[in-house]
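**Q** Give the three-dimensional model of this entry:
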Amino acid sequence: MTGRQKSIKRDILLGAIVLLALLGLGLFAYIRAYSLDAADTAFDRVLAAAALSIADNVRVEDGHLTVELPIASLEILGASRETRAFYAVRAPDHSLITGYPDLPDATQAQDRKPRFFDATYSNDAVRIGSVQRYIDFGEKSGWISVTVAETREARTQLASVILRNSLTPMAVAGLIMCFLISTGLNRAWAPLVALENELVHRAPTNLNPIQTSVPKEVNSLVSSLNLFMQRFEGALSSLRRISVDTTHEMRTPLASIRALTEVAASESDPGVLRGYLQRIHANAVVATRIVNQLLAEAAVAHHIETTANPNCDLLELYLQAVERLPTSRMQRCRLAHLSAADDLLVRGSPLVFRELIDNLLDNALNYAPEGFIDVGLRIADGTMIELDVADRGPGIPDSEKGRVLERFRRGAASENVAGTGLGLNIVRNAANAAGGHLALLDRPGGGLIARVILPRATS
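**A** Okay, here's the model as predicted:
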């Protein structure tokens, strides 16, 4: 059972949502802390005003400290219906003058700067503000303490309002961002959808380049697809050409073999029958040669397209090619003297170079049935390797040298030599694929030199 198919669009959208959610949580924590701090700052000013108002109404009467709670301070403390207020006024010796005796007090600092802190009073969370005032009345002179406290309901309500008013537009902005991201992804994916539609609605045989307009980010993908289809079209064209050529070239020998077998079947004379068998064998040899050459051409084309290019020792490949020859032909191949320091490495598919050498030797041995075939391997200019296969055959006129390199084209001297007209074409294609080329030269004294020049590979 296959797993759920991965979606880049879904991953990007989910990643954006998760990122926005984390950002929202961070902003929520920050705004919540800020709203609580803002509420405390606002209400602390109210506490400070109430405490200072009470402190300003502390009097000394008959040697005793008295407090007349101002109406303004009481109105300030009772401004919010949700909260409860507490107060305490203490003498310099910390004795209670008026108020709640168990109300917590700030530490004595002996200045008029208000101090605020959180505490728990009567099982309720309260915010306490404390101010001090210096009173001069003889030996009992000192700093009196005025402490005012209120519960946190109004502060919490204000903080909630600030938090809600801040987060609401942020939440709306987050939803809008998610919508914009989704819309942007749809627009970004639109060229891929158009590309998919073009490929889906194409005819199976349509391998023309993709013409759909795409952004530059997708252009490399389209270029790769076009290159793939171009190579695929080349492979199909080669397959079609080989199929057509095989059908065309095999028709004559197969028809001859069939006609000869039909005639031979009714022949009673052993001598005449033997002649028919010889002709059937000759046609079978021709058919075999055609098939082998076409298969060799297909193999070369396939390896040129699909095989990685390792380094090959051209001398070793030549020696292997000679060993595959019959003894009578092997003895006719003569290799020129080589320097021990020569490094004859070329880059390409071993099968391609093997076919190149086999066809050069086969061509020379067929057209020069007598005498030696001289083979030369040397380094030219330090960067190229030259492979010469020289024979003493009839040679090729200059007017025919270009034509014999084409498929199924043979020269005037080939009338009495069996062949298909593919050998030199295979050699040329193999040399071109390796970055080299094939040259047909007249040999001094008569004959032909087939020279393949290939780039030298580094070891």
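**Q** partner residues bridging the nearest residue to Ile135 once chain neighbours are set aside?
**A** Sequence neighbours aside, Ile144 is the residue nearest to Ile135 in space, at 5.3 Å (criterion: Cβ to Cβ, 6 or more residues apart in numbering). Any C-beta I mention is one placed from the backbone N, CA and C, and that applies to glycine too. Here Ile144 sits in beta bridges with Arg133, going by DSSP bridges.
**Q** got it, and the one 5 residues further on?
**A** When bridges are assigned using DSSP bridges, the partners listed for Ala149 are Phe86, Ile128.
**Q** Need the nearest residue in space to Phe43, chain neighbours excluded.
**A** Nearest residue to Phe43, sequence neighbours excluded (Cβ to Cβ, 6+ apart): Arg155, at 5.3 Å.
**Q** hang on, the one you found packs against Ala125?
**A** No. Counting by Cβ atoms under 8 Å, Arg155 sits too far from Ala125 to count as a contact (9.6 Å).
**Q** Show me which of the two is the more surrounded one.
**A** The neighbour count for Arg155 versus Ala125, taken as other Cβ atoms under 10 Å, is higher for Arg155 (23 against 13).
**Q** Next up, the contacts around the more buried one.
**A** 36, 39-40, 43, 127 (Cβ atoms under 8 Å, 6 or more residues apart in numbering).
**Q** Looks to me like it is in a helix.
**A** Yes. Counting by DSSP: H, G, I helix; E, B strand; the rest coil, Arg155 falls inside a helix.
**Q** distance of it from Asp37?
**A** 10 Å (Cβ to Cβ, to the nearest Å).
**Q** all helices for the stretch 301-450 of the chain, in order.
**A** Along the stretch 301-450 of the chain, counting by DSSP state H, counting those that start in this stretch, helices occupy 314-323, 327-330, 350-367, 423-433.
**Q** actually the stretch 51-200 of the chain, sorry about that
**A** Per DSSP H, counting those that start in this stretch, the stretch 51-200 of the chain carries helices over the ranges 71-77, 153-200.
**Q** out of those helices, deepest packed?
**A** helix 71-77 (a mean of 16; mean count of other Cβ atoms under 10 Å).
**Q** mean confidence score for it?
**A** Helix 71-77 carries an average pLDDT of 66.
**Q** what does stretch 255-267 give?
**A** 83.
**Q** I would like the residues contacting it, please.
**A** Contacts of stretch 255-267 (Cβ under 8 Å, 6+ apart): 273, 276-277, 279-280, 283-284, 287.
**Q** so where is the protein shaky, pLDDT-wise?
**A** For the chain, the stretches with pLDDT under 70 are 1-4, 72-81, 108-110, 248-249, 302-309, 339-342, 416, 418-419, 459.
**Q** So in it, which helix runs the longest?
**A** helix 216-265 (DSSP state H).
**Q** Report the inter-axis angle for it versus helix 153-200.
**A** Angle of helix 216-265 versus helix 153-200, following axes from the mean of the first three to the mean of the last three Cα atoms, to 10 degrees, is 30 degrees.
**Q** Can you give the distance of helix 216-265 from its chain's centre?
**A** Centre-to-centre, helix 216-265 and its host chain are 35 Å apart (Cα atoms, centre = their mean, to the nearest Å).
**Q** Could I get the contacting residues of the closest residue to Arg392 other than its chain neighbours?
**A** With Cβ to Cβ, 6+ apart as the criterion, Arg392 has its nearest non-adjacent residue at 4.2 Å, and that residue is Gly447. By Cβ under 8 Å, 6+ apart, Gly447 lies in contact with 368, 390-393, 395.
**Q** How about Ala171?
**A** Applying Cβ under 8 Å, 6+ apart, we find Ala171 in contact with Gly24.
**Q** Compute the first-to-last residue distance for stretch 364-382.
**A** Taking Cα to Cα, to the nearest Å, stretch 364-382 runs 28 Å from one end to the other.
**Q** What lies in contact with it?
**A** In contact with stretch 364-382 (Cβ under 8 Å, 6+ apart) are residues 314-315, 318, 325, 329, 332-336, 338, 342-344, 361, 385-394, 413-414, 417-419, 447-448, 450, 453, 456.
**Q** which parts of it are buried?
**A** 364-368, 373-377, 379 (16 or more other Cβ atoms under 10 Å).
**Q** just stretch 243-260 next, same as before
**A** Per 16+ other Cβ under 10 Å, stretch 243-260 contains these buried residues: 245, 249, 253, 256-257, 260.
**Q** and which of those residues is nearest Ala299?
**A** Relative to Ala299, the closest of those is Asp245; by Cβ to Cβ it sits at 14.6 Å.
**Q** Pull the contacting residues for the spatially closest residue to the closest one that is not a sequence neighbour.
**A** The shortest distance from Asp245 to any non-neighbouring residue, by Cβ to Cβ, 6+ apart, is to Leu294 (6.3 Å). Listed by Cβ under 8 Å, 6+ apart, the contact partners of Leu294 are 242, 245-246, 249, 420, 422.
**Q** one step back: next, format the contacts of Arg155 as CSV and append distance to Arg112 and neighbour count.
**A** CSV is the format used below for the contacts of Arg155 (distance: Cβ to Cβ, whole Å; neighbours: other Cβ atoms under 10 Å):
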residue, distance to Arg112, neighbour count
Leu36, 27, 18
Ala39, 25, 22
Asp40, 21, 18
Phe43, 20, 21
Arg127, 20, 21
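**Q** Could you report the distance from Cys333 to Leu260?
**A** With Cβ to Cβ as the criterion, Cys333 and Leu260 are 35 Å apart.
**Q** Also Glu68?
**A** 144 Å.
**Q** ok, now Arg274?
**A** 12 Å.
**Q** Tell me if I am right that the residue nearest to Asp245 is in a strand.
**A** No. According to three-state DSSP, Leu294 belongs to no strand; its state is helix.
**Q** circling back: ok, which of the helices of the stretch 301-450 of the chain comes nearest Ile31?
**A** helix 423-433 (69.6 Å).
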